[in-house]
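K.L.:
here's my sequence, what's the structure:
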Amino acid sequence: MVDRDQLPAPERGLVLTHFLTVRDVARSRTFYADVFGGEVVLEENPAIVKVANTWIIMNPGGGPTPDKPDVTLSPPEPGDPVSTFMNVRVADIAAFHAEATALGAEFLTEPIDRKAELRCYMRDPDGYLIEIGQATGMVKGVYADPPAGRST
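P.N.:
Residues are numbered from 1 along each chain as shown. Here you go, the predicted model:
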């Protein structure tokens with residue numbers, strides 16, 4: 001039996017979790033447990049990995065259900081536009097990048113200095129985008145430039 005304290009099941013208030021529709025539950029569960037040092041709380045149905053102060057819940061996709069009658073869940077396909085991503089903050093981005101790379105994580109770039117932070121992006125086994133960032137300038141009141149075409 002799983003300890004209730006390990007589950008995203010508050011006795012009062014709420015907790016925020018992140019659900020991912022995945023192609024291979026075991027592969028994704030291992031990725032989040034290994035790369036992010038997560039603790040596997042449930043193996044499957046759904047898989048739950050506790051990472052730091054949140055939980056990542058993973059299950060295969062599927063068609064509509066009575067509680068979501070017009071919704072079909074599927075993992076992203078290569079080339080799909082990105083509309084959401086996880087944002088992970090680390091204390092030492094160089095160390096995280098090196099450790100994650102050694103574990104097989106694939107990054108889009110090395111960490112880049114964005115004035116407010118150092119950051120880079122990686123993808124999980126299903127192609128979900130994950131931002132990895134380390135606050136640097138923002139803790140000193142230095143923020144990133146606004147996006148092109150916008151002023152502050």
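K.L.:
end-to-end on stretch 112-119?
P.N.:
Start-to-end span of stretch 112-119 (C-alpha to C-alpha, to the nearest Å) is 5 Å.
K.L.:
quick one: contacts of it?
P.N.:
93, 111, 120, 131-138, 142-145 (C-beta atoms under 8 Å, 6 or more residues apart in numbering). C-betas here are computed from N, CA, C, even on glycine.
K.L.:
also stretch 33-53?
P.N.:
Everything outside stretch 33-53 that qualifies as a contact, by C-beta under 8 Å, 6+ apart, is 2, 6-8, 19, 25-26, 28-29, 32, 55-59, 88, 100, 103, 105.
K.L.:
can you give me the helices for the protein?
P.N.:
Along the chain, the stretches classed as helices by DSSP state H are 25-35, 93-102.
K.L.:
tabulate the ones you listed in TSV, adding columns for distance to P46, mean neighbour count and mean pLDDT.
P.N.:
Output for the helices of the chain, formatted as TSV (distance: least, C-beta to C-beta, whole Å; neighbours: other C-beta atoms under 10 Å; pLDDT from 0 to 100):
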stretch	distance to P46	mean neighbour count	mean pLDDT
helix 25-35	8	19	98
helix 93-102	24	16	98
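K.L.:
which one of the ones you listed lies nearest to D126?
P.N.:
helix 25-35 (6.4 Å; C-beta to C-beta).
K.L.:
the closest one vs helix 93-102, what angle?
P.N.:
Helix 25-35 and helix 93-102 meet at an angle of 140 degrees, taking axes from the mean of the first three to the mean of the last three C-alpha atoms, to 10 degrees as the criterion.
K.L.:
beta partners for the residue nearest the centre of the chain?
P.N.:
Closest to where the C-alpha atoms of the chain average out (C-alpha atoms, centre = their mean) is M86, at 3.9 Å. Note on M86: beta-bridge partners by DSSP bridges are I130.
K.L.:
how about the helices of the chain in TSV, adding distance to T72?
P.N.:
Shown next, in TSV, are the helices of the chain (distance: least, C-beta to C-beta, whole Å):
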stretch	distance to T72
helix 25-35	18
helix 93-102	31
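K.L.:
for R12, find the nearest of those helices.
P.N.:
That would be, of the helices of the chain and by C-beta to C-beta, helix 25-35, which comes in at 27.2 Å.
K.L.:
pull that closest one out as CSV, backbone CA atoms only.
P.N.:
In CSV, the C-alpha atoms belonging to helix 25-35 read as follows (Å, rounded to 0.1, in the frame of the first residue of the first chain):
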residue,chain,number,x,y,z
VAL,A,25,4.7,4.6,-19.3
ALA,A,26,7.7,2.7,-18.1
ARG,A,27,10.1,4.7,-20.3
SER,A,28,8.6,8.0,-19.2
ARG,A,29,8.5,7.0,-15.5
THR,A,30,12.2,6.0,-15.6
PHE,A,31,13.1,9.3,-17.4
TYR,A,32,11.4,11.5,-14.7
ALA,A,33,12.7,9.4,-11.9
ASP,A,34,16.3,9.3,-13.1
VAL,A,35,16.8,12.7,-14.7
